[in-house]
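**Q** Here is a sequence with its predicted model. Questions after.
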Amino acid sequence: MNINLNKKNNSMIIREKWFIIFIAILTLSGGCKKKEVEQLPTAKVVKGTFLIDLFEEGEIEAVNSISIATPSISYRFGGNMKITKLVKDGQEVKAGDTLVVFDPTEVNKGITTAEETVEIGLAELEKMKAQHQSDLEELNASYEVTKLSLEISKIQFEGAYYESEMKKKEIQLNLEKAEIALVKAKEQIDNRIKIQKEEIKQKNLQIDQNRSMLNEGYESLNKLNVESPAPGIVIIRTNMMTGNKWQVGDQCWSNYPFIDLPDLSLLKATVKINEVDIAKITKGLEVQIRPDAFSDSIFTGKVNSVANLAVNKDYNSKIKIFPVEIILNETSKNMLPGMRVSCRIIIDKIEDVLFVPKDAVKLEGDKYFVYKKKGKSYEKIEVEVGVSNSDYIIITEGLKQNEEIALGDPFIKESTNNKTGQ
């Protein structure tokens with residue numbers, strides 16, 4: 001009998017242990033379920049000013065900027081210039097600081113050639129002057145001989161009183177011939193002087209042209225060292241040939257804008273608005289600007305202008321967009337031209353309305369629902385909604401201010417937990 005009693009007691013003890021384990025499992029299962037409910041993200045119904053907005057990406061630009069181009073170099077010194085030294089992109093510079101230095105090799109070659117050409121021209125000029133002097137001396141000597149011949153002919157003519165008529169006629173003809181020769185000799189001298197003057201003029205013109213080329217070479221050499229005309233932040237443009245910003249070793253062509261020196265006191269953002277939304281955008285709308293580089297900062301601005309004509313979004317795209325210019329109300333030393341920004345254009349404001357995150361509202365058929373927190377659980381209720389923006393939606397009926405709603409479906413979590421418990 002004691003043996004049967006012991007068996008009975010052992011059986012009761014075993015059942016009590018299994019009961020305790022079962023209760024523990026239920027408790028743990030309930031605890032997990034409660035924990036899951038508590039971890040479900042929620043939000044409160046907010047009452048206030050609702051913003052109807054439009055988000056577009058844009059790029060920061062300076063309203064006023066100095067464009068610095070590559071120096072204008074003559075084709076005589078090479079069409080392209082090689083960058084040998086370049087300031088860093090985004091570096092702050094002062095007026096007079098060196099921005100870029102180009103390779104002077106081709107210009108120096110041109111200068112050397114021009115110097116040699118000028119020296120040769122000057123030597124040829126001196127030689128020409130000496131030759132002219134010799135030619136004139138020869139002509140003047142010939143003139144003097146002709147003049148003497150004329151004098152002799154005159155004397156012979158005056159002494160021919162007793163000569164025969166035939167002889168007198170011969171002497172007279174010789175006199176006339178000497179007079180003509182003297183006139184011709186004088187004309188030769190005058191013509192030679194005119195020709196020499198023209199030759200000297202042409203040679204001097206050629207020398208002046210060569211000197212001009214030489215001076216152009218010196219000026220081009222000075223241009224190869226480009227200095228900043230004003231203080232500012234350097235923004236290096238993109239080399240269209242490589243798709244990257246200009247850098248040391250690149251070949252540039254003359255008079256091509258490649259550096260911007262923006263005035264950072266007044267900035268703008270240019271965004272591209274789709275033709276479907278452009279009717280919503282008007283001048284003066286408020287804008288919130290968030291830089292991609294430091295998204296925790298928000299700047300404000302206003303729409304300054306809306307393009308009247310559409311343009312293609314991309315080179316190969318048929319999508320039409322309208323460029324919209326936004327002027328920033330404030331600036332920062334971290335805000336630089338070329339930065340990408342997200343612009344939130346405030347199209348309209350609706351005062352004193354209830355709104356919740358869009359993630360909290362679910363659509364089933366043609367009805368909208370939310371999961372409102374009720375104690376430690378949730379209640380699925382139908383709501384009426386109004387307009388929405390990128391993040392929130394207006395609730396016109398079904399909720400009150402400060403009520404807490406789930407941002408997901410809590411019953412999916414409960415179902416999952418129940419399956420896990422099973």
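**A** That came in fine, so what should we check first?
**Q** ok, Val226 - how many residues close by?
**A** 20 (other CB atoms under 10 Å). Any C-beta I mention is one placed from the backbone N, CA and C, and that applies to glycine too.
**Q** what does the helix or strand where it lies rub up against?
**A** In the assignment (DSSP states H and E), Val226 maps to strand 225-227. By CB atoms under 8 Å, 6 or more residues apart in numbering, the residues outside strand 225-227 that reach it are 68, 70-71, 95-102.
**Q** Give me the buried subset of the residues you listed.
**A** Burial by neighbour count, 16 or more other CB atoms under 10 Å: within these this picks out 68, 70-71, 99-102.
**Q** can you pull the pLDDT of Glu56?
**A** If you check Glu56, the pLDDT there is 92.
**Q** which one is it nearest to, not counting chain neighbours?
**A** Val271 (4.2 Å; CB to CB, 6 or more residues apart in numbering).
**Q** Relative to Leu328, how far out is Thr300?
**A** 7 Å (CB to CB, to the nearest Å).
**Q** again, but for Lys154
**A** Counting by CB to CB - Lys154 and Leu328 are separated by 103 Å.
**Q** The two: which has the busier surroundings?
**A** Leu328 (21 against 15).
**Q** Hmm, the more buried one is touching Leu267, no?
**A** Yes. With contact taken as CB atoms under 8 Å, Leu328 and Leu267 are classed as touching, separated by 4.6 Å.
**Q** list the residues that contact both of those two?
**A** With CB under 8 Å, 6+ apart as the test, Leu328 and Leu267 both reach Met335.
**Q** which residues are contacting stretch 255-263?
**A** Contacts for stretch 255-263 (CB under 8 Å, 6+ apart): 61-72, 87, 93, 99-100, 228-230, 232-237, 239, 246, 252, 337.
**Q** what about it, average pLDDT?
**A** On average, stretch 255-263 scores 89.
**Q** distance between it and the chain's centre?
**A** Remark: stretch 255-263 is offset 7 Å from the chain centroid, using CA atoms, centre = their mean, to the nearest Å.
**Q** Buried residues, that stretch. List them.
**A** For stretch 255-263, the neighbour count (16+ other CB under 10 Å) marks 258-263 as buried.
**Q** What strands flank the strand holding Val226, and is each parallel or antiparallel?
**A** strand 98-102 (antiparallel) (DSSP bridges).
**Q** avg pLDDT for the next helix or strand after the strand it pairs with?
**A** As assigned by DSSP H and E, the chain's next helix or strand after strand 98-102 is helix 105-158. Per-residue pLDDT over helix 105-158 has a mean of 88.
**Q** And Asn80, how close does it get to Ile278?
**A** In terms of CB to CB, Asn80 sits 43 Å off from Ile278.
**Q** related to what we said a few turns ago, so which of the contacts of stretch 255-263 sit within helices?
**A** Applying DSSP state H to those, no entry is found in helices.
**Q** of those, buried ones?
**A** Counted by 16+ other CB under 10 Å, these give 61-62, 68, 70-71, 87, 93, 99-100, 228, 232-237, 239, 246, 252, 337 as buried.
**Q** what sits in contact with each of Thr300 and Leu328?
**A** Going by CB under 8 Å, 6+ apart, residues that sit against Thr300 and also against Leu328 are Ile289.
**Q** In terms of helices and strands, where is Gln206?
**A** helix 165-223.
**Q** How far off centre is that helix?
**A** Counting by CA atoms, centre = their mean, helix 165-223 comes out at 60 Å from the chain centroid.
**Q** again with stretch 252-263
**A** On the basis of CA atoms, centre = their mean, stretch 252-263 sits 8 Å off its chain's mean C-alpha point.
**Q** repeat for stretch 225-232
**A** 17 Å.
**Q** do stretch 103-117 as well
**A** With CA atoms, centre = their mean, you get 33 Å for stretch 103-117.
**Q** and Val271, bridged to which residues?
**A** Residues in beta-bridge contact with Val271 (DSSP bridges): Gly58, Val324.
**Q** Could you count how many residues lie near it?
**A** The burial count for Val271: 24, using other CB under 10 Å.
**Q** surely it meets Glu61?
**A** No. Using CB under 8 Å, Val271 is not in contact with Glu61, being 11.2 Å away.
**Q** Now stretch 108-123: buried residues?
**A** 110-111, 113-114, 117-118, 121.
**Q** how far out from the middle of the chain is it?
**A** 40 Å.
**Q** tell me the residue furthest from the middle of this structure?
**A** Tyr162 (105.6 Å; CA atoms, centre = their mean).
**Q** so what's it up against?
**A** Per CB under 8 Å, 6+ apart, neighbours of Tyr162: none.
**Q** Hmm, Val271 and Cys343 touching each other?
**A** Yes. Here Cys343 reaches Val271: they are 5.2 Å apart, a contact under CB under 8 Å.
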